[in-house]
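Visitor: Sequence plus the predicted model coming up.
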Amino acid sequence: MTLSIVALSGSLRKKSTHTRLLQEVGYLAGPDVSFVLFDGLEDLPAFNPDRNSSTSPQAEKWIALVRHADVLMVSSPEYAHGIPGALKNALDWLVGEDAFIEKPFCLYRACPRPVFAPAALMEVLRTMSGRHVAGADVTINLRRDYDIAGDVLATEESRALIQDSIAQLINDIKARERT
């Protein structure tokens, strides 16, 4: 079985630890995983329920990626005790679409300190009818001074956390297919 993961970083920063964490997942995912890190967050227009996604090629691309993925993986910073506006905007584009209904998701955190944003993100994703795979969540305390993605997760413990997370996602999908 090939697991298809679409990853979304809620940060627009060039040297975001959240983006680099998700890049590492892509590097470590292995041959049984198709991994795409959505890179169009900044280009999504503001969601307007009066417009549909066909008016925005970027929104169409985003929705199609999520629709065809097995899993949505999200990593986000916390801004003013909440999730970043650009991330919420991307999620809003999925509301009213069939792309995320019962879609498994997990959260990756590049810092263990924030508590408000992860809780808010969890609430939004569950309200959107996503299905949380709690055993696949990962928190790794990354420093901001890394320049090369491959150096971010230099420890065996971090690599094992990511590999265990992916195994949990695969097991979850397989279990759902059997029922």
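Guide: The structure has been received and is ready for your questions.

Visitor: what about the most centrally placed residue in the chain, is that helix, strand or coil?
Guide: Closest to where the C-alpha atoms of the chain average out (C-alpha atoms, centre = their mean) is residue 74, at 2.1 Å. Using DSSP: H, G, I helix; E, B strand; the rest coil, the structure places residue 74 in strand.

Visitor: separation between it and residue 122?
Guide: For residue 74, the distance to residue 122 (C-beta to C-beta, to the nearest Å) stands at 10 Å. (Glycine included, C-beta is placed from N, CA and C.)

Visitor: okay, and the common contacts of those two?
Guide: The contact sets of residue 74 and residue 122 overlap at residue 107 (C-beta atoms under 8 Å, 6 or more residues apart in numbering).

Visitor: Next, the residue of the chain most remote from its centre: phi, psi?
Guide: For the chain, the residue at maximal distance from the C-alpha centroid (C-alpha atoms, centre = their mean) is residue 50, at 26.4 Å. For residue 50, the backbone dihedrals are phi -80, psi -10 (criterion: degrees, to the nearest 10).

Visitor: same question, residue 105
Guide: phi -140, psi 160.

Visitor: Please tell me I have it right and it contacts residue 125.
Guide: Yes. Residue 105 is within contact range of residue 125, at 5.5 Å (criterion: C-beta atoms under 8 Å).

Visitor: Please say which of these two ends up with more neighbours.
Guide: More neighbours surround residue 105 than the other of residue 105 and residue 125, with 25 against 21 (other C-beta atoms under 10 Å).

Visitor: Just list the residues touching that one, thanks.
Guide: Per C-beta under 8 Å, 6+ apart, neighbours of residue 105: 71-74, 125, 130-133.

Visitor: now these in TSV, with distance to residue 35?
Guide: Listed next are those as TSV, based on distance: C-beta to C-beta, whole Å:
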residue	distance to residue 35
71	10
72	12
73	9
74	14
125	19
130	19
131	19
132	20
133	16
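
Visitor: re earlier: quick one: the residue nearest to the centre of the chain and residue 41, what's the gap?
Guide: The gap separating residue 74 from residue 41 is 11 Å, by C-beta to C-beta.
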